[in-house]
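S.K.: Sequence plus the predicted model coming up.
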Protein chains: 2
Amino acid sequence: MALAPFPLSVAAIVHRAKSGEAEPMDAARQSLAAIARMDADVQAWTHVMPAGALDKLDPARHAVGALAGVPIGIKDVIDVADMPTGFGAPALTSGPATFDACSVGMLRAAGAIPIGKTVTAEFAFRTPGPTRNPHAPTHTPGGSSSGSAAAVAAGMVPVALGTQTGGSMIRPAAFCGVVGFKPSSDRVFRDGMKLTCESLDTIGWYANSVQDAQALADVLIGADVGDTVQTDRPLTIAVQLGNPRTGLCAESRAEIVRACKVLGAHGAQCVPVEAERETALLLQAHDVIMHYEFARSLAPVAQRQGDRLSAALLQAVAQGLAIGAGQYHEMRAAQASLRRSWHALFGGADIVLTPSTPGPAPRGLGHTGDASFNKIWSVLGWPCLHLPTAFSRAGLPLGMQLVGDWGSDRALLAIGRKLHHLLIQQGK
Amino acid sequence: MALAPFPLSVAAIVHRAKSGEAEPMDAARQSLAAIARMDADVQAWTHVMPAGALDKLDPARHAVGALAGVPIGIKDVIDVADMPTGFGAPALTSGPATFDACSVGMLRAAGAIPIGKTVTAEFAFRTPGPTRNPHAPTHTPGGSSSGSAAAVAAGMVPVALGTQTGGSMIRPAAFCGVVGFKPSSDRVFRDGMKLTCESLDTIGWYANSVQDAQALADVLIGADVGDTVQTDRPLTIAVQLGNPRTGLCAESRAEIVRACKVLGAHGAQCVPVEAERETALLLQAHDVIMHYEFARSLAPVAQRQGDRLSAALLQAVAQGLAIGAGQYHEMRAAQASLRRSWHALFGGADIVLTPSTPGPAPRGLGHTGDASFNKIWSVLGWPCLHLPTAFSRAGLPLGMQLVGDWGSDRALLAIGRKLHHLLIQQGK
């Protein structure tokens, strides 16, 4: 691939900024230059900090902290001070936000530099923005966090924030070929972002490596949270390939089979699992919960400015308003109960290995692809990590996701880092 | 008391608006007139809809729905379209909100009329606004939902929304002598409100009767949710009077003793309980979780506009930023585990009966009172219902709260309605 990732890892940027090897703003300047060079083709950004604004920042503040000097893109449903928030619905763009969202404030306090806002599907739902897949401009980058995934894939930033309600973090990671991490629900604060489905919306991030994703987790979740795991022992991996709503293409399946062989050769035990009944219930629960909540969050917008919203969004609102509270709360109860069912479903396994998408990024920019492999885990609120591991014959990214039990974020990242290393070494 | 509640119940307003007995805007007009007459003394409102704005509403929209024509006050941390949101920090007041918060949209869609924004303590924390206790103008109305509780107590509106993070719903209900309901956490959507402590913040409401509070629950939680209970059987009531951080004044204690006698005479079994160890842990968990989250939500404001915030708020932010993620997540784990401990703590009981506050509203407007009896249940996320049942010798409201297991909102309201009826009949 002609695409190159951002030339510096998070650790390298932080080291240079802290040690004085480089000016704290250097990586941000590189980032802005890359955007200026590439974004006409990729269209990942809705707003970028003017280069002059970097000169107004206090360099001392960005020479310290766990993310000193790290430039970062922020999905345009999350507030960044002094930048407009557009929600992927340009007609509704508000004036500049007065304050950073909580997550953005935590990143900035750790020394990171939010350099711009990235394209999102309309209100983080279905109708895509203009972003193209950096690997193939006529193919979707996935959605709704299209801009953040594409910006990292194209090397414009080392890391970027996105959100997931259905498949909005993991699907773009898969289609764009970057590491994508969706933490457990309730782990990353959402103050200052637009909530459209309160029980599902989760902030996550994209990076070029699991190590870089861990650096953000240390800041946004915590470096001293006690859910670590020893990775130098034989792992048990539950492999779930089936999905009642979609198939899996031959190349994606072959890549997972290859992964199981590689991991098996390194001592892991891959155990096929099926949880057909639970998976079907989880997909149904996701449909009901998502539509019920989305409709009630967006109804005030639809009523006032419906003529500025897509037909797909208006239809989803109408569909959701028709769902009764009784059915909704029944599904919330199923969600709560299944959220605690790791042991019953995957007892003994360290992680689940499962497809991120039915196949590589489909052709066309008018849709964002199938999220059936994602909704299951979104409704469970379990952490998911997409690992890009290979390319299809057509040159599109292939990969797979790892899933952990609720709250096992750090363990999942630690395991994922080890496995990713094995899978890409063997894949070359 | 010279104070009179709003002259119409929610059911009466809805009946008149739907049947055509009155214009759908009549109750809202009464409400605006009462505010004009009384608010100079009470100071419950930060913004009130101009009377002319009522003429611009479509009467047909407010002649239908479960809350047809019901005027309602909204705590000023929750967006109402076309009204400014001030967060109790006047220097920060933003321009008019473009859209209703999700909860406000649901009320409006049911026919209610949000007529204004009510005073909140600064960012729903400690530093009070100008509101006075309608029963005694030199006494605190409690906080942080001061304006909403006082507006209902003074008869300016029949119902009003508030929020609770520590004791911000139940404490003002107790001090102002109105029914206050804080639902289970995660039951009422928070999109469009300022989240300061994401795992604690809960939207609730004030009313003149449990029946009126039920009418709002039907809209905001759902009328067809299956957690009802038969109330015409002998109830078992766990009575918890102790608190490691505060005492209980003689008059408040005597009122609870009277209540137990009345309820016992009607077949209820009142069982004293102590859960000293759990209560102490819950209070500690609340401190850690509240400060950790509050600090991270408010840090962006403190950093940019710290000179416009109170010293108490800045100190809380500094205190919270010093708490490590490890300790925070430990307390979150304790919270999650205790949230499921109803059976272990109160097995066999239908509800808990416990003080809402250490005593009636203390003198002074510079503080909002003690929340030690509230934080326990806030961190558990269990639903709480304050019942005003009597007056102290000094003429201040007395009462108590009922608490249910997570998710038992409708059952708690049904039981509360029955018990309130018994308690105020006997109290006259």
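M.R.: All right, it came through fine. Numbering: from 1, shown residues only, chains lettered A, B, ... in the order given.
S.K.: how about the helix or strand encompassing A:I256: buried residues?
M.R.: Per DSSP states H and E, A:I256 falls inside helix A:250-265. The neighbour-count check on helix A:250-265 (16 or more other C-beta atoms under 10 Å in any protein chain shown) flags A:E251, A:S252, A:E255, A:I256, A:R258, A:A259, A:C260, A:V262, A:L263 as buried. C-beta coordinates here come from the backbone N, C-alpha and C atoms, glycine included.
S.K.: wait, doesn't the fourth one sit right on A:V239?
M.R.: Yes - taking contact to mean C-beta atoms under 8 Å, the distance of 7.2 Å between A:I256 and A:V239 places them in contact.
S.K.: Residues that sit against both of those two, list them.
M.R.: Any residue near both A:I256 and A:V239 by C-beta atoms under 8 Å, 6 or more residues apart in numbering or on different chains counts here, and that gives A:L353.
S.K.: just to revisit the earlier point, contacts for the helix or strand following the helix holding A:I256 next, please.
M.R.: Once helix A:250-265 ends, the next helix or strand along the chain (criterion: DSSP H and E) is strand A:269-272. Applying C-beta under 8 Å, 6+ apart, the contact partners of strand A:269-272 are A:234-241, A:260, A:263-264, A:349, A:353.
S.K.: how does it look with 6 Å?
M.R.: When contacts are defined by C-beta atoms under 6 Å, 6 or more residues apart in numbering or on different chains, strand A:269-272 is touched by residues A:T236, A:I237, A:A238, A:V239, A:C260, A:G264.
S.K.: Throw the residues you listed into a markdown table and include pLDDT and distance to A:F123, thanks.
M.R.: As requested, these are exported to a markdown table (pLDDT from 0 to 100; distance: C-beta to C-beta, whole Å):
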| residue | pLDDT | distance to A:F123 |
| --- | --- | --- |
| A:T236 | 97 | 40 |
| A:I237 | 98 | 36 |
| A:A238 | 98 | 34 |
| A:V239 | 98 | 35 |
| A:C260 | 98 | 38 |
| A:G264 | 97 | 43 |
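S.K.: Check what contacts whichever strand or helix holds A:Y328 and list those residues.
M.R.: Using DSSP H and E, A:Y328 falls within helix A:325-339. Applying C-beta under 6 Å, 6+ apart, the external contacts of helix A:325-339 come out as A:A285, A:V288, A:I289, A:Y292, A:V379, A:L380, A:G381, A:W406, B:G222, B:D224, B:V225.
S.K.: and the residues you listed, which are buried?
M.R.: A:A285, A:V288, A:I289, A:Y292, A:V379, A:L380, A:G381, A:W406, B:G222, B:V225.
S.K.: Pick the one among the residues you listed closest to A:H15.
M.R.: Nearest to A:H15, judged by C-beta to C-beta, of those is A:W406 at 33.7 Å.
S.K.: Please tell me I have it right and that closest one contacts A:W382.
M.R.: Yes - counting by C-beta atoms under 6 Å, A:W382 is a contact partner of A:W406 at 5.4 Å.
S.K.: Tell me, how many residues neighbour whichever residue of the stretch 251-400 of chain A sits closest to chain B?
M.R.: At 2.3 Å from chain B, A:A325 is the closest residue in the stretch 251-400 of chain A, using C-beta to the nearest C-beta. When neighbours are defined as other C-beta atoms under 10 Å in any protein chain shown, A:A325 has 18 of them.
S.K.: Kindly report the residues of the stretch 151-300 of chain A close to chain B.
M.R.: A:F189, A:D191, A:L195, A:E198, A:G222, A:D224, A:V225, A:R296, A:S297, A:A299, A:P300 (C-beta under 6 Å from any C-beta of the partner chain).
S.K.: again, 7 Å this time
M.R.: Residues of the stretch 151-300 of chain A lying near chain B by C-beta under 7 Å from any C-beta of the partner chain: A:186, A:189-191, A:195, A:198-199, A:221-226, A:293, A:296-297, A:299-300.
S.K.: Any of these buried? List them.
M.R.: For those, a burial check counting by 16+ other C-beta under 10 Å picks out A:186, A:189-191, A:195, A:198-199, A:221-222, A:225, A:293, A:296-297, A:299-300.
S.K.: Overlap in contacts, A:W406 and A:W382.
M.R.: Residues touching both A:W406 and A:W382 by C-beta atoms under 7 Å, 6 or more residues apart in numbering or on different chains: A:S184.
S.K.: returning to that earlier point: closest one of the contacts of helix A:325-339 to A:A318?
M.R.: So of the contacts of helix A:325-339, ranked by how close each gets to A:A318 (C-beta to C-beta), first place is A:Y292, at 12.3 Å.
S.K.: helix or strand right after the strand or helix carrying that closest one?
M.R.: If you go by DSSP H and E, A:Y292 is part of helix A:276-305. Going down the chain from helix A:276-305, the next helix or strand is helix A:311-321, by DSSP H and E.
S.K.: what helices or strands is that next one leaning on?
M.R.: On a contact count with 3 or more C-beta pairs under 7 Å, 6 or more residues apart in numbering or on different chains; DSSP states H and E, helix A:311-321 meets helix A:276-305.
S.K.: what's the helix it packs on packed up against?
M.R.: If contacts are counted by 3+ C-beta pairs under 7 Å, 6+ apart, helix A:276-305 sits against helix A:311-321, helix A:325-339, helix A:372-380, helix B:102-109.
S.K.: How is chain A partitioned into domains?
M.R.: As given by automatic domain parsing, the domain ranges for chain A are A:10-222, A:236-275+A:337-427, A:278-331.
S.K.: deepest of the ones you listed, which one?
M.R.: domain A:10-222 (a mean of 24; mean count of other C-beta atoms under 10 Å in any protein chain shown).
S.K.: start to end distance for that domain?
M.R.: With C-alpha to C-alpha, to the nearest Å as the measure, domain A:10-222 spans 17 Å from end to end.
S.K.: what does stretch A:269-276 give?
M.R.: End-to-end distance of stretch A:269-276 (C-alpha to C-alpha): 22 Å.
S.K.: now stretch A:98-106
M.R.: End residues of stretch A:98-106 are separated by 16 Å (C-alpha to C-alpha).
S.K.: ok, residues contacting it?
M.R.: Identification of contacts with stretch A:98-106 by C-beta under 7 Å, 6+ apart yields A:74, A:78-81, A:108, A:114, A:161, A:188-189, A:191-193, A:203, A:219-220, B:296-297, B:299-301, B:304.
S.K.: Could you look up the SS state of A:V352?
M.R.: Three-state call for A:V352 (DSSP: H, G, I helix; E, B strand; the rest coil): strand.
S.K.: so what's it bridging to?
M.R.: A:A238, A:V403 (DSSP bridges).
S.K.: shouldn't it be in contact with A:V403?
M.R.: Yes - using C-beta atoms under 7 Å, A:V352 is in contact with A:V403, at 4.2 Å.
S.K.: A:I74: which element?
M.R.: Assigned by DSSP H and E, A:I74 falls within strand A:71-75.
S.K.: brain fart, A:T46
M.R.: Using DSSP H and E, A:T46 maps to strand A:45-48.
S.K.: Run through who's touching that strand.
M.R.: Under C-beta under 7 Å, 6+ apart, the answer for strand A:45-48 is A:32, A:35, A:39, A:76, A:83-84, A:86, A:115-119, A:147, A:151.
S.K.: let's see it at 8 Å
M.R.: Contact with strand A:45-48 is made by A:32, A:35, A:39, A:73, A:76, A:83-84, A:86, A:115-119, A:129, A:147, A:151, A:156, as judged by C-beta under 8 Å, 6+ apart.
S.K.: and the next element down the chain from that strand?
M.R.: Moving toward the C-terminus from strand A:45-48, the first helix or strand encountered (DSSP H and E) is helix A:51-56.
S.K.: helices or strands up against that next one?
M.R.: On a contact count with 3 or more C-beta pairs under 8 Å, 6 or more residues apart in numbering or on different chains; DSSP states H and E, helix A:51-56 meets helix A:26-42.
S.K.: just the angle between the helix it packs on and strand A:71-75, please?
M.R.: For helix A:26-42 against strand A:71-75, the angle by axes from the mean of the first three to the mean of the last three C-alpha atoms, to 10 degrees is 40 degrees.
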